[in-house]
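Asker: Need coordinates for the below:
(chains A, B, C and D)
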Protein chains: 2
Amino acid sequence: MDKIRQSTLHGEVAERVRDLIAQGVLAPGSRVPEKQLCEQFGVSRTPLREALKVLAHEGFVELLPNRGARVAKLTRTTLKNTFEVMQSLEALAGELAGTRISDAELANIEALHYQMLAHYKGGNMQEYLLTNQQIHEAIVVASQNDVLIDVYKNLNHRVRRVRFTAELSKDYWSQAVSEHESMVEALRARNGAALGEILRCHLRNKVEMSALEEMAE
Amino acid sequence: MDKIRQSTLHGEVAERVRDLIAQGVLAPGSRVPEKQLCEQFGVSRTPLREALKVLAHEGFVELLPNRGARVAKLTRTTLKNTFEVMQSLEALAGELAGTRISDAELANIEALHYQMLAHYKGGNMQEYLLTNQQIHEAIVVASQNDVLIDVYKNLNHRVRRVRFTAELSKDYWSQAVSEHESMVEALRARNGAALGEILRCHLRNKVEMSALEEMAE
DNA sequence: CTCCTTTTTTTTGAATGCATAATTAGATTT
DNA sequence: AAATCTAATTATGCATTCAAAAAAAAGGAG
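Answerer: A predicted model of the protein is given here:
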């Protein structure tokens, strides 16, 4: 692993630790080994600890007094709550994007949409989910609301580790795809209200929720 | 000023700095004087700097490489964006609270509502705004969605410094009050959908927005 | 052998120290 | 006196150090 050198050292470290958590290298509930990570990243404890404070605020780890940081467990309840909020934010993003989206952004989303359809037809679920994710992120960005974008990105980060583990049923999948058709149509028509409504009910998150049923507490 | 001693030192420090920013002691755009604050709080630079990292993530300050932290300016755009998101979150909270709110919580909100009406009748705008704020917070809490509550609280923190500076027009004020009547009714009926709809259109934030017109960039 | 106590080691939280970058103050020139 | 360049001062970013707490290991009693 190469060392970290950048303007915001703690930011880089935070990014790395987030990755380790997302990849499951740092298991939920396990303590965060400060010393080891410092050696691994080639930094001292100061920036690492700064990063941990931020990560704690983001909900990735919890700080226990005199016991350092532990990787936060993603309970089913927390995940459900997170998706609930994200879905609401996406709906708002859709409403805003409807009036604010640029032609270039729309074209990009259309391109992603066709990619996604291809993955659907090809039965390539991993690729499908990735592209699907990108479309939703693009809509959020098109809202041009920086606060919304920030909050959404943060929540998205948190649930990253359970993403792409879903096994969609045929029915759910086809319905999600057809909803995406409507989304793109609403975007083309610059109809924010319609897009918001679709996203508010869009079952992508519900699909992801279903993946949690199997998840261990 | 008394010293800080608690389990999470950086958390306490962050709280204090937030207050200083909210109260305007630390002016927007001004640099955060590390040394001075350390002396004032009776702590070393380490916990203060940890707090600054968190505050930067929260949007209270911005970190400039090799130039420390500056108090973030709340531009009109950022405020507008923040209120937009908060309004959307409140709407979601309303939907959820409709089905989840406890009798005790409902009773509390009703009590606050009557307090608020009294302040309205008495023309006491400061007290009105405070109670109004408490009602909205209570609805968010009643959603029982911890993620939602967290995100909302954070955004609320950010705009604290411009809160309660609003001068409401008679018309806006009376309409906001009547909307609150509907809100309480919807809550009593445990009608989340209706409450969500009301909150989505509720002009409290719009009122607050109007106060920003006068605000300097 | 198991359970409890005591000692050692490790880890944590926070202060301090140090090298570098930025700011201020002062000198020099015009 | 104004402007520009240079030296002194200060602030910043990170590493290191130190005291206190927790975890682990060793010892002893039942």
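Asker: Can you pull up the most central residue in chain A?
Answerer: residue A:156 (2.4 Å; CA atoms, centre = their mean).
Asker: That one touches residue A:87, doesn't it?
Answerer: No - if you go by CB atoms under 8 Å, residue A:156 and residue A:87 don't touch, sitting 11.9 Å apart. No exception for glycine: its C-beta is placed from N, CA and C like everyone else's.
Asker: where does the residue nearest to the centre of chain A land in three-state SS?
Answerer: Put simply, residue A:156 is helix when judged by DSSP: H, G, I helix; E, B strand; the rest coil.
Asker: residues touching it, list them.
Answerer: A:86, A:137 (CB atoms under 8 Å, 6 or more residues apart in numbering or on different chains).
Asker: what about it, distance to residue A:58?
Answerer: 11 Å (CB to CB, to the nearest Å).
Asker: burial measure for the nearest residue to residue A:191 once chain neighbours are set aside, as a count.
Answerer: Leaving aside its chain neighbours, residue A:191 sits nearest to residue A:98 (5.5 Å; criterion: CB to CB, 6 or more residues apart in numbering or on different chains). Neighbour count for residue A:98, taken as other CB atoms under 10 Å in any protein chain shown: 21.
Asker: Now residue A:98: which helix or strand?
Answerer: helix A:76-100 (DSSP states H and E).
Asker: C-terminal to that helix, which secondary structure element comes first?
Answerer: helix A:103-121.
Asker: Provide the contact partners of that following helix at residue level.
Answerer: With CB under 8 Å, 6+ apart, helix A:103-121 has contacts from A:97, A:101, A:125, A:127-128, A:131-132, A:134-135, A:138-139, A:141-142, A:173, A:177, A:180, A:184, A:187-188.
Asker: What are the buried residues along the next helix or strand after that helix?
Answerer: Downstream of helix A:103-121, the first helix or strand assigned by DSSP H and E is helix A:125-142. Neighbour-count burial for helix A:125-142, counted by 16 or more other CB atoms under 10 Å in any protein chain shown, picks out A:125, A:127-133, A:135-142.
Asker: Show the contacting residues for residue A:47.
Answerer: Counted by CB under 8 Å, 6+ apart, residue A:47 has contacts A:9, A:10, A:13.
Asker: What helix or strand is it located in?
Answerer: Using DSSP H and E, residue A:47 falls in helix A:45-58.
Asker: now could you export just the CA positions of that helix as CSV?
Answerer: Extracted in CSV, the C-alpha atoms of helix A:45-58 (Å, rounded to 0.1, in the frame of the first residue of the first chain):
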residue,chain,number,x,y,z
ARG,A,45,-1.8,9.0,15.0
THR,A,46,-2.8,12.6,14.9
PRO,A,47,-4.3,12.7,11.4
LEU,A,48,-5.7,9.2,11.9
ARG,A,49,-7.5,10.3,15.1
GLU,A,50,-8.7,13.4,13.4
ALA,A,51,-10.2,11.2,10.6
LEU,A,52,-11.8,9.0,13.2
LYS,A,53,-13.6,12.0,14.7
VAL,A,54,-15.0,12.8,11.4
LEU,A,55,-15.9,9.2,10.6
ALA,A,56,-17.7,9.0,14.0
HIS,A,57,-19.7,12.0,13.0
GLU,A,58,-20.5,10.4,9.7
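Asker: Buried ones in it, by neighbour count?
Answerer: Result for helix A:45-58 [16+ other CB under 10 Å]: buried residues A:47, A:48, A:49, A:50, A:51, A:52, A:53, A:54, A:55, A:56, A:57, A:58.
Asker: Against DNA strand C, how distant is the fifth one?
Answerer: To tie it back to what came earlier, the one meant is residue A:51. Distance of residue A:51 to DNA strand C, given as CB to the nearest atom of the strand, to the nearest Å: 12 Å.
Asker: That residue: what's it in contact with?
Answerer: Applying CB under 8 Å, 6+ apart, we find residue A:51 in contact with A:10, A:11, A:13, A:14, A:17, B:53.
Asker: The fourth one reaches residue A:53, doesn't it?
Answerer: No - the pair residue A:14 and residue A:53 does not pass the contact test of CB under 8 Å, sitting 9.3 Å apart.
Asker: wait, is residue A:63 part of a helix?
Answerer: No - under three-state DSSP, residue A:63 sits outside any helix and is assigned strand.
Asker: Just give me the neighbour total for it.
Answerer: With other CB under 10 Å as criterion, residue A:63 counts 20.
Asker: near chain B, which residues of chain A?
Answerer: Contact residues, chain A versus chain B (CB under 8 Å from any CB of the partner chain): A:7-8, A:10, A:46, A:49-51, A:53-54, A:57-59, A:63, A:65, A:77-78, A:81-82, A:84-85, A:88-89, A:91-92, A:96, A:145-148, A:150-151, A:155.
Asker: One more pass at 6 Å, please.
Answerer: Contact residues, chain A versus chain B (CB under 6 Å from any CB of the partner chain): A:7, A:10, A:50, A:53-54, A:57, A:65, A:81-82, A:84-85, A:88, A:92, A:145-148, A:151.
Asker: These also near DNA strand D: which ones?
Answerer: When CB under 7 Å from any atom of the strand is applied, the members of the residues of chain A next to chain B adjacent to DNA strand D are A:10, A:65.
Asker: Mind giving me the PyMOL command for buried ones among the residues of chain A next to chain B?
Answerer: In PyMOL, a selection of the buried entries from the residues of chain A next to chain B looks like this (16+ other CB under 10 Å):
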select buried, chain A and resi 10+50+53+54+57+81+82+84+85+88+92+145+147+148+151
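Asker: Could you report the pLDDT at the spatially closest residue to residue A:68 that is not a sequence neighbour?
Answerer: When the adjacent residues along the chain are set aside, residue A:68 lies closest to residue A:31, with 5.9 Å between them (CB to CB, 6+ apart). On pLDDT, residue A:31 comes in at 95.
Asker: Go ahead and report the secondary structure state at the spatially most distant residue from the centre of chain A.
Answerer: Relative to the centre of chain A, the most outlying C-alpha is that of residue A:66, 31.2 Å out, by CA atoms, centre = their mean. Here residue A:66 is recorded as coil under three-state DSSP.
Asker: If anything else comes up later, I'll come back, but that's it for now.
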